[in-house]
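1. Here is a sequence with its predicted model. Questions after.
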Amino acid sequence: MKDKIFLDTNIIVYAHDRSSGKKNAIAKEIISYLWESKKGIISVQVLQEFFVCVTQKIANPLQIKNARMILEYLSTWEVVVNDKNITLQAIDIQEKFKFSFWDSLIIQAAIQGQSGILLSEDLPAEQVVMGTKILNPFTKEWKNYL
């Protein structure tokens, strides 16, 4: 099912970081669309990074109980669990494409989840890795990707 859309951590963080300006509005719109369409997919790694970012790294950190509630809510989406095979395949992606290991895990989780699109601000936009296209929703109108 290649119409699934995998979200990198930064998109979800922006949706809950009121200080992120225009990116906050775009990220909220993306997440709303993914809730309605039921196309959203994330990984355990994304959930973990989200929690750390919104409770420790943003300008106005969320209370732990609020971050936990959001994490529980996001966990109702399809969640890819990084197992040993995903980890080994991520190493292959890292070696071949020269991404960081952590970015390679995100990419491999998107591939494993059969996502046609991976939305991320941090990865090279327009690149296709094993059938999953990486797109930056903050550089173009994200709806054009659908």
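-> Thanks, I have it.
2. need the longest helix for this structure.
-> Secondary structure of the chain per DSSP state H: the longest helix is helix 22-37.
3. Report the rounded mean pLDDT for that helix.
-> Across helix 22-37, pLDDT averages out at 96.
4. how far out from the middle of the chain is that helix?
-> Offset of helix 22-37 from its chain centre (C-alpha atoms, centre = their mean, to the nearest Å): 12 Å.
5. in its sheet, what does the next helix or strand after it sit against?
-> Next helix or strand after helix 22-37 toward the C-terminus (DSSP states H and E): strand 40-43. Here strand 40-43 is paired, per DSSP bridges, with strand 4-7 (parallel), strand 78-80 (parallel).
6. Just the CA trace of strand 40-43, in CSV.
-> Only the C-alpha atoms of strand 40-43 are listed here, as CSV (Å, rounded to 0.1, in the frame of the first residue of the first chain):
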residue,chain,number,x,y,z
GLY,A,40,-0.2,8.2,8.5
ILE,A,41,2.6,5.9,9.6
ILE,A,42,5.5,6.4,12.0
SER,A,43,8.0,4.3,13.9
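7. Buried residues, it. List them.
-> Residues 40-43 are the ones in strand 40-43 that count as buried (16 or more other C-beta atoms under 10 Å). All C-beta spots, glycine's among them, are computed from the backbone N, C-alpha and C.
8. that older thread, deepest-packed of the strands paired with strand 40-43, please.
-> The highest mean neighbour count among the strands paired with strand 40-43, using mean count of other C-beta atoms under 10 Å, belongs to strand 4-7: a mean of 26.
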